[in-house]
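Chemist: Pasting the sequence and the predicted model now:
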Amino acid sequence: MVKKPQFSTMTIHSFKRVIEEMIQRIMDCCLLGPTRRFLNRCSLYCLEERHPWVQRFYLLLLTLGLLVYYLAAAPVIQHLVHRILHPFIAIMTYWSFYKACTSNPGFISKENVRKHGQMFDYDYIFYEPKECYTCLFVRPPRSRHCRLCNRCVAKYDHHCVWLNNCVGYSNHHYFFYFLICTFSLCFYSAYMCFVTLWTHVEASNMRTWQYLHPTTRLRTNVTWWQIWALQIHSNPAATGLLIFTALAGFAVFLFSLYNLWMAIRGYTSNEEFKWDELKYSIHSKELTSWRKELKEFNQSYIAPSRSSRTEKPRLTKSAKKPKPHTTQTLSSSHEPKTKLISTTDSAHELTQRHVQHESENGEDREPLVSIKQIRNIYNEGIWNNLKIVFMPKKIL
Ligand SMILES: [Zn+2]
Ligand SMILES: [Zn+2]
């Protein structure tokens, strides 16, 4: 019997699922059939298709925001540092966006599959030697076939609709630069808008103004709320930009922190989601033993994914063989025990070798009761994890 998720055990992905479910329920209750179907189609198009509309929307928003800033706020800013630094950050934002959109995320081809295969080991939890039925080679560890790009991507993180590109091994750092530049520009613009409005408040000596009550005719000193209401009236563009950039900057900042937290712990977004699912399955007692159930979890996880639409979840001969997953085995997987060969037979050969290796070490020793029993072999310590993200090796 599957238990309902408990809030205490929820990670951000579970939270996201709950939010999505809530939005769906609200839409079901409040919207009529045709409107709901239209919105569903729109969201499916935005999230499940490859198109440049979100990129164009971002560029439009960025350019309009900068236009408003240079018309409504910049003329008041006299300080030379701000006059140079703000355009510099704006240019860096465009540059990082361009690089993140156009850079190769680490597409795997038959020519470079061997090199990608040498980067990481299979953990035999989420990754094991399996052929990609579209690209026709054995997928290297941590890679995944992106349905939208229709190619396998090394150290797949996610397909980003903002960038209309995958985020993977080779462009993860550009993704971070883009996030950092975006929230820096937002916060900087918000601060500059505040300085502009404050300069106006000081210049008008607004804090000494008095408010005349329309009925009682009593005079009182103006409150802060009244001063900001006057600002909205006198400079609506700068006030609107201040609110928008502060909120957008905060949202992007939180998202950046979340991504950094995953990078530090040696997870990609794709893996974080898988670990979350695994944790929930253990917590809800769907998964109680190492051997068969963990294997089935791995396969059932792959089956309903996006990639399954173009890439049927066929199991190779080797994949049908249940394999144990013990802490001892996972710990030992740091030792390079596999060499990737880009043929179909290699997947079978590698899995056979792994089964043999595990049976030598003993199997199914203890029940699976906590996610802590499973180690993430891709966590190589904070600095090494960050080095992998920010200083990737060049693989052509
Ligand atoms: Zn592929
Ligand atoms: Zn993609």
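Modeler: It's in. Ligands and ions are numbered 1, 2, ... in the order given.
Chemist: which stretches of the protein form strands?
Modeler: All strands of the chain, identified by DSSP state E, fall at 131-132, 137-138, 144-146, 151-153, 158-160, 165-167, 210-212, 219-221.
Chemist: Quick one: check the fifth one for contact with ligand 2.
Modeler: Yes. Applying C-beta under 5 Å from the ion, one finds strand 158-160 touching ligand 2 at H159. Where C-beta positions appear, they are placed from N, C-alpha and C, glycine not excepted.
Chemist: would you turn the strands of the chain into CSV with mean pLDDT?
Modeler: Output for the strands of the chain, formatted as CSV (pLDDT from 0 to 100):
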stretch, mean pLDDT
strand 131-132, 92
strand 137-138, 92
strand 144-146, 94
strand 151-153, 94
strand 158-160, 92
strand 165-167, 94
strand 210-212, 75
strand 219-221, 78
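Chemist: Any chance of JSON lines for the ones you listed, columns distance to P236 and mean neighbour count?
Modeler: Listed next are the strands of the chain as JSON lines, based on distance: least, C-beta to C-beta, whole Å; neighbours: other C-beta atoms under 10 Å:
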{"stretch": "strand 131-132", "distance to P236": "54", "mean neighbour count": "20"}
{"stretch": "strand 137-138", "distance to P236": "57", "mean neighbour count": "24"}
{"stretch": "strand 144-146", "distance to P236": "43", "mean neighbour count": "24"}
{"stretch": "strand 151-153", "distance to P236": "45", "mean neighbour count": "25"}
{"stretch": "strand 158-160", "distance to P236": "33", "mean neighbour count": "21"}
{"stretch": "strand 165-167", "distance to P236": "36", "mean neighbour count": "26"}
{"stretch": "strand 210-212", "distance to P236": "21", "mean neighbour count": "10"}
{"stretch": "strand 219-221", "distance to P236": "24", "mean neighbour count": "10"}
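Chemist: Once you drop chain neighbours, what's closest to Q55?
Modeler: Among residues not flanking Q55 along the chain, N164 sits closest, at 5.1 Å (C-beta to C-beta, 6 or more residues apart in numbering).
Chemist: ok, now S184?
Modeler: I89 is the one closest to S184 (C-beta to C-beta, 6+ apart), at 5.6 Å.
Chemist: Quick one: residues contacting the one you found.
Modeler: Going by C-beta atoms under 8 Å, 6 or more residues apart in numbering, I89 touches 181, 184-185, 188.
Chemist: any idea how far H51 is from the residue nearest to Q55?
Modeler: As judged by C-beta to C-beta, to the nearest Å, N164 and H51 stand 7 Å apart.
Chemist: just P34 next, same as before
Modeler: Separation of P34 from H51 (C-beta to C-beta) stands at 23 Å.
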